[in-house]
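Peer 1: Generate a structure from the sequence data that follows.
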Amino acid sequence: MIILKISNASEVVASKLGKFLQALTPDALDQASVEDVLLKKLIENLAAEGLKGEVAAVKGLDLQEANLVIQGNLHVRRHHEF
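Peer 2: Numbering: from 1, shown residues only. Model prediction:
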């Protein structure tokens, strides 16, 4: 299993949309948007290599240094098979 944590979602959104629009969107929306784009591209690239599997965006799970931390209820926000 691979866990990937995006730590600069707000900065990416700001660079793509500009500071004004970034200020109007909450950080949680920024994080979800970046995760959705990343999942789409990840699936495309893995499938192109002939790999099969599943990928999910999970809310309530955090990676802090070498520890996996569960924050409240775990919720699978997006799930895709490829």
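Peer 1: Which residue, other than its chain neighbours, is closest to residue 63?
Peer 2: Here the nearest residue to residue 63 in space, its sequence neighbours aside, is residue 5; by Cβ to Cβ, 6 or more residues apart in numbering that works out to 4.6 Å. Where C-beta positions appear, they are placed from N, C-alpha and C, glycine not excepted.
Peer 1: make that residue 77, sorry
Peer 2: residue 57 (4.5 Å).
Peer 1: mind listing what that neighbour touches?
Peer 2: When the contact criterion is Cβ atoms under 8 Å, 6 or more residues apart in numbering, the partners of residue 57 are 32, 35-36, 39, 76-79.
Peer 1: where does it land in three-state SS?
Peer 2: Secondary structure for residue 57, judged by DSSP: H, G, I helix; E, B strand; the rest coil, is strand.
Peer 1: what pairs with it across the strands?
Peer 2: Counting by DSSP bridges, residue 57 is bridged to residue 78.
Peer 1: Tell me the one of the contacts of residue 57 nearest residue 64?
Peer 2: The shortest gap between residue 64 and any of the contacts of residue 57 belongs to residue 35, at 18.0 Å (Cβ to Cβ).
Peer 1: So for the closest one, what pLDDT did the model give?
Peer 2: What the model reports as pLDDT for residue 35 is 88.
Peer 1: I'd like to know how far the spatially most central residue of the chain sits from residue 59.
Peer 2: When Cα atoms, centre = their mean is applied to the chain, the residue found nearest the centroid is residue 35 (2.5 Å). With distances defined as Cβ to Cβ, to the nearest Å, the gap from residue 35 to residue 59 amounts to 10 Å.
Peer 1: Need the overlap of contacts for those two.
Peer 2: With contacts taken as Cβ under 8 Å, 6+ apart, residue 35 and residue 59 have residue 77 as neighbours in common.
Peer 1: who touches the residue lying closest to residue 72 once chain neighbours are set aside in this structure?
Peer 2: Excluding its sequence neighbours, the residue lying closest to residue 72 (Cβ to Cβ, 6+ apart) is residue 60, at 5.4 Å. Contact partners of residue 60, counting by Cβ under 8 Å, 6+ apart, are 70-75.
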